[in-house]
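S.K.: missing the sequence, but the structure's below:
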């Protein structure tokens, strides 16, 4: 019992939630770590939208589909991007059947 309590925070830090950000021009998928999401009001797409409106901008990791070394498709962080609040912006949860890789801040 005590062992699972010690191990779980490490796993939780690696968990990433995906969101689709839609503008009149295009749409992208971003990943937000569980730790970053916990700091936002609502801890969901609405929280991201509220933060963008309040702060005017935010940084996030853009995610894209790629093939793993075994040939399986997976959602992986592509690069860090900046989002700017806009009237035509919509943020919604993004569900994927693919494995979602954690964010590796050392690859900025």
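M.R.: Alright, I've got the coordinates. In this text the structure is predicted, and so the values were computed from the model without any measurement.
S.K.: can you map out the helices along the chain?
M.R.: Ranges of helices within the chain are 2-14, 34-38, 45-55, based on DSSP state H.
S.K.: ok, the spatially most central residue of the chain - contacts?
M.R.: For the chain, the residue sitting closest to the mean C-alpha position, by C-alpha atoms, centre = their mean, is residue 31 at 1.5 Å. Applying C-beta atoms under 8 Å, 6 or more residues apart in numbering to residue 31 gives the contacts 16-19, 60-63, 75, 77, 100, 103. C-beta coordinates here come from the backbone N, C-alpha and C atoms, glycine included.
S.K.: run the last query once more with 10 Å
M.R.: 15-19, 37, 60-63, 75-78, 94, 100-103 (C-beta atoms under 10 Å, 6 or more residues apart in numbering).
S.K.: so where's this structure uncertain?
M.R.: For the chain, applying pLDDT under 70 flags the ranges 1-14, 88, 105-108.
S.K.: report how many residues lie close to residue 98.
M.R.: Neighbourhood size, residue 98 [other C-beta atoms under 10 Å]: 15.
S.K.: dihedrals phi and psi, it?
M.R.: Backbone torsions of residue 98, given as degrees, to the nearest 10, read phi -80, psi 160.
S.K.: state the distance from it to residue 24.
M.R.: Residue 98 sits 27 Å away from residue 24, taking C-beta to C-beta, to the nearest Å as the criterion.
S.K.: restricted to strands, list the contacts of residue 31.
M.R.: 16-19, 60-63, 75-78, 100 (DSSP state E).
S.K.: ok so, going back, skipping adjacent residues, who's closest to the residue nearest to the centre of the chain in space?
M.R.: residue 16 (4.3 Å; C-beta to C-beta, 6 or more residues apart in numbering).
S.K.: now swap in residue 57 and tell me
M.R.: Leaving aside its sequence neighbours, residue 57 sits nearest to residue 84 (C-beta to C-beta, 6+ apart; 4.9 Å).
S.K.: got a list of what that neighbour touches?
M.R.: 23, 52, 56-58.
S.K.: can I get the buried ones among those residues as something I can paste into ChimeraX?
M.R.: Buried members of those, defined by 16 or more other C-beta atoms under 10 Å, are picked up in ChimeraX with:
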select :52,58
